[in-house]
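# Sequence plus the predicted model coming up.
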Amino acid sequence: MDLTRNIRYRGFEFNSVAIGTAGVAEGCTVDQVEYGDVEVDGYTEKSSLKDGYDASDVFLGRRMVTLRGMVHGHNRGALYDLLRSMRFAVSPRLAYRDAREAKGFYPLEFSEPTNLKADWDDGVIDLMLKCRSMGGVRTNFFREKTGGDDEQAISVPYEVRFMAIDPKVYLRQRAESYISGGAGNLELENRGGYPVPLNMLLVASPNTTQDRIFTFVGGGADFTARFPASAEVQVLRLDGEKRTVTLTVNDTETTAMHLFDYDSEWPELPLGLTDVAWEFKKEDGTAGSLNVNSLLWHREAFA
């Protein structure tokens with residue numbers, strides 16, 4: 001995490017310090033980041049029938065991130081106004097209320113430089129962690145440092161602790177590939193290095209005569225998804241991370257796992273390039289046509 005660049009959470013800029021009109025520092029700085037390693041979920045158990053140990057599969061656990069720095073105000077009122085803004089931004093309860101579906105885990109946005117300019121044209125990788133504050137803002141007030149009258153410049157240290165329940169570091173910009181028509185082949189790229197799920201949004205125009213079948217092969221997956229005959233536009237969403245399928249008709253979304261038939265893993269993109277292929281046909285085998293708003297998308301990730 002590069003401390004010379006912006007660090008942002010729920011609209012609050014943690015690296016916003018500047019010299020104001022009064023000639024003193026105003027804003028917030030990040031002076032230290034404790035960037036925790038990743039907990040690992042898995043087990044090793046003594047085998048009861050032979051010597052040695054058995055080991056389970058290994059899964060990534062949570063990651064803890066702590067920001068420490070200073071809050072500066074050109075006077076006492078400006079300092080406390082900024083502190084209140086920081087507290088609102090990192091409130092876990094307010095975050096949960098505003099992002100209930102994500103359980104309050106918002107992007108903690110930051111950037112890192114790179115010399116791999118063949119992949120990153122401007123030499124900067126814009127990243128994020130999906131974080132929720134562990135309780136708010138911790139500050140220390142000392143009379144000898146914060147005394148004086150209300151118009152004097154003032155600064156106090158702060159600390160904010162975050163938990164990233166998904167410890168992967170994601171690119172902020174997701175990769176999208178629009179598809180349409182009856183069939184196609186694509187080459188999808190994951191530059192991050194950590195395997196990531198592939199998500200789909202499939203749009204079918206009205207067809208009342210017969211069902212239509214979407215077939216997909218690639219990323220370790222081989223499955224079909226069915227669109228029932230309908231006089232309405234249908235939107236089928238396949239969430240590769242949550243392993244769910246939903247169908248939306250007339251702005252009403254319902255669970256639709258019964259429309260999904262697979263004998264393999266869900267599609268996942270490893271490091272590098274992955275070839276995928278898809279078809280969209282009517283139930284009688286003749287070619288169908290996906291709406292032009294259909295797309296495949298993923299978010300590249302680093303471990």
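Sure, I can see it.
# Now stretch 33-41: buried residues?
By neighbour count on 16 or more other C-beta atoms under 10 Å, the buried set for stretch 33-41 is 33, 36. The C-beta positions use only the backbone N, C-alpha and C, and glycine is treated the same way.
# now stretch 126-143
Neighbour-count burial for stretch 126-143, counted by 16+ other C-beta under 10 Å, picks out 126-133, 136-137.
# Kindly report the same for stretch 44-64.
63-64.
# first vs last residue of it, how far apart are they?
With C-alpha to C-alpha, to the nearest Å applied, stretch 44-64 spans 24 Å between its terminal residues.
# Surely R191 touches D119?
Yes: assessed by C-beta atoms under 8 Å, R191 is found in contact with D119 at 5.2 Å.
# Determine which two of the buried residues of stretch 126-143 are furthest apart.
D126 and G136 (26.6 Å; C-beta to C-beta).
# More neighbours: which of R191 and D119?
R191 (16 against 10; other C-beta atoms under 10 Å).
# pLDDT wise, what is the more buried one at?
Per-residue confidence (pLDDT) for R191: 90.
# One more: T146?
Confidence for T146, expressed as pLDDT, is 63.
# And T44, by the same measure?
pLDDT recorded at T44 is 80.
# what's the helix of greatest length in the chain packed up against?
In terms of residue count, the longest helix belonging to the chain (DSSP state H) is helix 76-90. In terms of contacts (3 or more C-beta pairs under 8 Å, 6 or more residues apart in numbering; DSSP states H and E), helix 76-90 is packed against strand 12-13, strand 25-41, strand 59-73, strand 124-139, strand 154-171.
# Buried residues, it. List them.
Using 16+ other C-beta under 10 Å as the test for burial, helix 76-90 gives 76, 78-79, 82-83, 86-87, 89-90.
# How about the contacts made by R132?
R132 makes contact with 92, 95-96, 103-106, 162-163, 165, according to C-beta atoms under 8 Å, 6 or more residues apart in numbering.
# how does it look with 7 Å?
Counting by C-beta atoms under 7 Å, 6 or more residues apart in numbering, R132 touches 92, 95, 104-105, 162-163.
# what's the answer for T208, then?
So T208 contacts 229-231 (C-beta under 7 Å, 6+ apart).
# Now do G20 against H74, distance only.
Here G20 is placed at a distance of 5 Å from H74 (C-beta to C-beta, to the nearest Å).
# And those two? Which one has more around it.
Neighbours were counted for G20 and for H74 using other C-beta under 10 Å; H74 has more, 20 against 15.
# what angle sits between the helix or strand containing S111 and strand 25-41?
Per DSSP states H and E: S111 is located in strand 106-113. If you take axes from the mean of the first three to the mean of the last three C-alpha atoms, to 10 degrees, strand 106-113 sits at 100 degrees to strand 25-41.
# This completes my enquiry, with thanks.
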